[in-house]
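S.K.: everything below, folded, please.
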Amino acid sequence: GNREATLRETLMVYLESGQNARATASRLALTERTVANRLQAARTLLPPGTDLSSLELALALRLMPLVKGGGRA
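M.R.: Below you'll find the model as predicted:
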């Protein structure tokens with residue numbers, strides 16, 4: 001849904017920003033607190049033990065549109 005899409009976007013920007021909440025907030029025109037809240041919400045949706053900085057997580061986020069779209073870019 002929309003909430004999950006927002007969390008995915010925030011998490012992707014966070015990873016692209018070198019896991020820097022201030023840079024993420026700046027890129028998304030949000031407060032750092034909002035970024036922190038979204039990251040915490042994303043953590044609750046991930047499997048236990050998933051590291052928010054993991055390469056596997058970044059790859060999964062990038063591949064998700066391809067998987068959902070049936071492989072079409």
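
S.K.: tell me the spacing between Met12 and Thr6.
M.R.: In this view, Met12 and Thr6 are 11 Å apart by CB to CB, to the nearest Å. Yep, even glycine has a C-beta here, placed from its N, CA and C like the rest.

S.K.: what of Leu61?
M.R.: From Leu61 over to Thr6 (counting by CB to CB), the distance is 13 Å.

S.K.: now swap in Ala60 and tell me
M.R.: Ala60 is 17 Å from Thr6, by CB to CB.

S.K.: same check, this time on Thr34
M.R.: In terms of CB to CB, Thr34 sits 10 Å off from Thr6.

S.K.: then Arg62?
M.R.: For Arg62, the distance to Thr6 - CB to CB - is 17 Å.

S.K.: now Arg33
M.R.: From Arg33 to Thr6 the distance is 15 Å (CB to CB).

S.K.: residue nearest the centroid of this protein?
M.R.: Leu11 (1.7 Å; CA atoms, centre = their mean).

S.K.: what pLDDT is listed against that residue?
M.R.: What the model reports for Leu11 is a pLDDT of 91.

S.K.: in the helix or strand encompassing it, what counts as buried?
M.R.: According to DSSP states H and E, Leu11 maps onto helix 2-16. Neighbour counts using 16 or more other CB atoms under 10 Å place Leu7, Arg8, Thr10, Leu11, Met12, Val13, Tyr14, Leu15 of helix 2-16 among the buried residues.

S.K.: tell me the first helix or strand C-terminal of that helix.
M.R.: Next along from helix 2-16, by DSSP H and E: helix 21-28.

S.K.: tell me which helix or strand comes right after that next one.
M.R.: Next element after helix 21-28 (DSSP H and E): helix 32-45.
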